[in-house]
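Sequence first, then the predicted structure, then my questions.
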Amino acid sequence: MWSTARLIAAGDTVILWLTRELVQHLVVTPGKDFNSKFGHYRHSDLVGLPYGSKLGSRTGRGFIHILRPTPELWTMALPHRTQILYIADISLVVSYLDIRRGSRVIEAGTGSGSFSHSVARSIGPSGHLWSYEFHEARAKKAREEFAQHGMSDIVTLTHQNVCKDGFNLTDAADSVFLDLPAPWDAVEHAKQALRKDRPTRICCFSPCMEQVLRTVSALNDAGFSDITMYETLVRSHDVGQVPVLQSITEVADKLKKGEEVREIKRLRQIAGGQRSHQNPHGEKRKRDEDSEMNEQEDAPVGEAEDSGSGKRLKTDDDMGTWTPSRDVDVSRNLDDPSTHILRAGASIPAAPTAKISVSKATSEVRGHTSYLTFATLLPPMPPAPLEDDAPSQGPQST
Ligand SMILES: C[S@@+](CC[C@H](N)C(=O)[O-])C[C@H]1O[C@@H](n2cnc3c(N)ncnc32)[C@H](O)[C@@H]1O
């Protein structure tokens, strides 16, 4: 797929990274120009540059980065002919369909080919993707792109209505992915196309629950099992570096101690509350006190003010001892180092320059694109032996 050469050549498909929100593709065609608000460029300027180069505009104002395409970048830059699958969903589907080197996969419909590119990379030249699209112009365009991106040997694109005419395959595929308005109409055809000598998988991508329910019924009727529906939501993390003078372990110990103290105080409060039953406002006041106390105690030692301000760690004395603010959830980071702390040695050197990378989940959770319904098709059970076939017990004595 795509050029693997170090240098850009005429005819290559390249990705132009203009900004994080503006990513385009280009077939390098000497003689043509590329103009944008980030400057003026000749395609010939790109030829011979190493992939990954930053190129300044001919007018001297603006620059672009020229990147080698990957399926992820292609998904960001491809020409949309339909709605497409994005990386969050693609990665889940590829993983849960167990798509890997050598896999034989079916997809319908092809649409803009976003999913197809990721699958083609995952399965490699030893695998195969059968892709189906019933819209003639889309099928033609996708076929051209697959050829241009060196995927023709891996992908077979058929212009066909799979709900009506099926996949023309029997016992051939390891998995099927359906991104169609009526996937339930293709479930029986998918079953025929899946191999029967081992467990195989199917996934249907549908935007609304009514479609999911119809698909689940069709999967049940067709004998699929292990039917599970997922929704992928993307939550971003703000990542930053903050200075620390304490080891993570010390900070965690401090937080744990804080929790123990809070628990003791809570028990005392309960005991106190039980003694002052007559006070009609007792319960409310107790809660207020609790929350005040939590406010103070949530904050690590020395921290009192500015608790909501954000990412920075705060100093608790003039020597500049840094402790994590409440919104940097160090205790959680320690429990699950893979999610939050990107670089956390067991003990961070207590030097004034020591820094730790921390992250904070943004409150915004992006979604929803669609629901993903997965199911497994198990190989048919071998027929149970008939009673007459049962091994004989030996001669019977009379
Ligand atoms: C949402 S798009 C697929 C997008 C694709 N998964 C991607 O990532 O680019 C759905 C496609 O399915 C095609 N389609 C719908 N019903 C079909 C059918 N019965 N047989 C084949 N293709 C069909 C549509 O023409 C459309 O291009």
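Received it, and whenever you're ready, just let me know what you need.

Could you tell me which residues of the chain lie near the ligand?
Residues of the chain lying near the ligand by Cβ under 6 Å from any ligand atom: 82-85, 108-109, 111-115, 132-135, 138, 161-163, 179-181. Using the backbone N, CA and C atoms, a C-beta is placed for each residue, glycine as well.

Gly223: neighbouring residues, count only.
11 (other Cβ atoms under 10 Å).

Which part of the stretch 251-398 of the chain gets nearest to the ligand, residue-wise?
Relative to the ligand, the nearest point of the stretch 251-398 of the chain is Ser370 (9.1 Å; Cβ to the nearest ligand atom).

follow-up on the earlier one: tell me which entries of the residues of the chain next to the ligand lie within helices.
Ser114, Phe115, Arg138, Val162, Cys163 (DSSP state H).

which one of those residues sits closest to His237?
Nearest to His237 among those is Ser114, at 24.3 Å by Cβ to Cβ.

who are the neighbours in contact with the closest residue to the closest one other than its chain neighbours?
Among residues not flanking Ser114 along the chain, Ile84 sits closest, at 3.9 Å (Cβ to Cβ, 6 or more residues apart in numbering). Each residue near Ile84 by Cβ atoms under 8 Å, 6 or more residues apart in numbering is listed here: Thr75, Leu78, Gly111, Ser112, Ser114, Phe115.

just checking, the fourth one touches His80?
Think Ser112. Yes. If you go by Cβ atoms under 8 Å, Ser112 and His80 touch, sitting 5.6 Å apart.

Looking at the two, which one has more neighbours?
Using other Cβ under 10 Å as the criterion, Ser112 and His80 rank with Ser112 on top: 22 against 9.

Flag the shaky bits of the chain, pLDDT-wise.
Applying pLDDT under 70 to the chain picks out residues 244-247, 273-353, 367, 389-398.

Mind doing that once more with 80?
Where the chain drops to pLDDT under 80, the residues are 3, 242-255, 270-356, 360, 362-368, 387-398.

Which residue ranges make up each domain of it?
Under the assignment automatic domain parsing, the domains of the chain span 13-69, 74-234+370-377, 238-299+314-361.

which strands and helices sit next to the helix or strand hosting Tyr230?
Using DSSP states H and E, Tyr230 sits within strand 225-231. Judged by 3 or more Cβ pairs under 8 Å, 6 or more residues apart in numbering; DSSP states H and E, the packing partners of strand 225-231 are helix 209-221, strand 371-377.

how does it look with 10 Å?
helix 87-96, strand 200-206, helix 209-221, strand 371-377 (3 or more Cβ pairs under 10 Å, 6 or more residues apart in numbering; DSSP states H and E).

The last one pairs with which strands, and in what direction?
So the one you mean is strand 371-377. Strand partners for strand 371-377, identified by DSSP bridges, are recorded as strand 200-206 (antiparallel), strand 225-231 (antiparallel).

Any chance of a markdown table for these, columns distance to Trp2?
Below are the strands paired with strand 371-377 laid out as a markdown table (distance: least, Cβ to Cβ, whole Å):
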| stretch | distance to Trp2 |
| --- | --- |
| strand 200-206 | 26 |
| strand 225-231 | 30 |
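
would you list every one of the helices in this protein?
43-46, 71-77, 87-96, 114-123, 136-148, 162-165, 187-193, 209-221, 248-275, 282-298, 330-335.

Just name the most buried of the ones you listed.
Of all the helices of the chain, helix 114-123 carries the top mean neighbour count, a mean of 24, counting by mean count of other Cβ atoms under 10 Å.

Against which helices or strands is that one packed?
Counting by 3+ Cβ pairs under 10 Å, 6+ apart, the packing neighbours recorded for helix 114-123 are helix 71-77, helix 87-96, strand 104-108, strand 128-133, helix 136-148, strand 155-159, strand 175-178.

His237: which of the helices of the chain is closest?
helix 330-335 (11.4 Å).

tell me the contacts of Pro199?
Applying Cβ atoms under 10 Å, 6 or more residues apart in numbering to Pro199 gives the contacts Asp98, Asp174, Ser225, Asp226, Thr376, Leu377, Leu378, Pro379.

if you set the cut-off to 8 Å instead, what comes out?
Contacts for Pro199 (Cβ under 8 Å, 6+ apart) come out as Thr376, Leu377, Leu378, Pro379.

right, and the third one touches Ala222 too?
No. Leu378 lies out of contact with Ala222 (Cβ under 8 Å); the separation is 11.9 Å.

which one of the two has more residues nearby?
Taking neighbours as other Cβ under 10 Å, Leu378 and Ala222 compare with Ala222 leading, 17 against 13.

Now the more buried one: phi and psi?
Per-residue torsions, Ala222: phi -80, psi 0 (degrees, to the nearest 10).

Hmm, His189 and it touching each other?
No. Using Cβ under 8 Å, Ala222 is not in contact with His189; the gap is 9.9 Å.

can you list contacts of stretch 154-169?
106, 108-110, 116, 120, 123-125, 127-134, 136, 139-140, 142-143, 146, 173, 178, 180, 182, 185-186, 189-190, 192-193.

which two in the ones in helices among the residues of the chain next to the ligand are spaced the farthest apart?
Between any two of those (Cβ to Cβ), the greatest distance is 21.3 Å, for Ser114 and Cys163.

for the helices and strands packed on helix 114-123, which one sits closest to Glu231?
Here helix 87-96 is closest among the helices and strands packed on helix 114-123 (Cβ to Cβ), at 9.5 Å.
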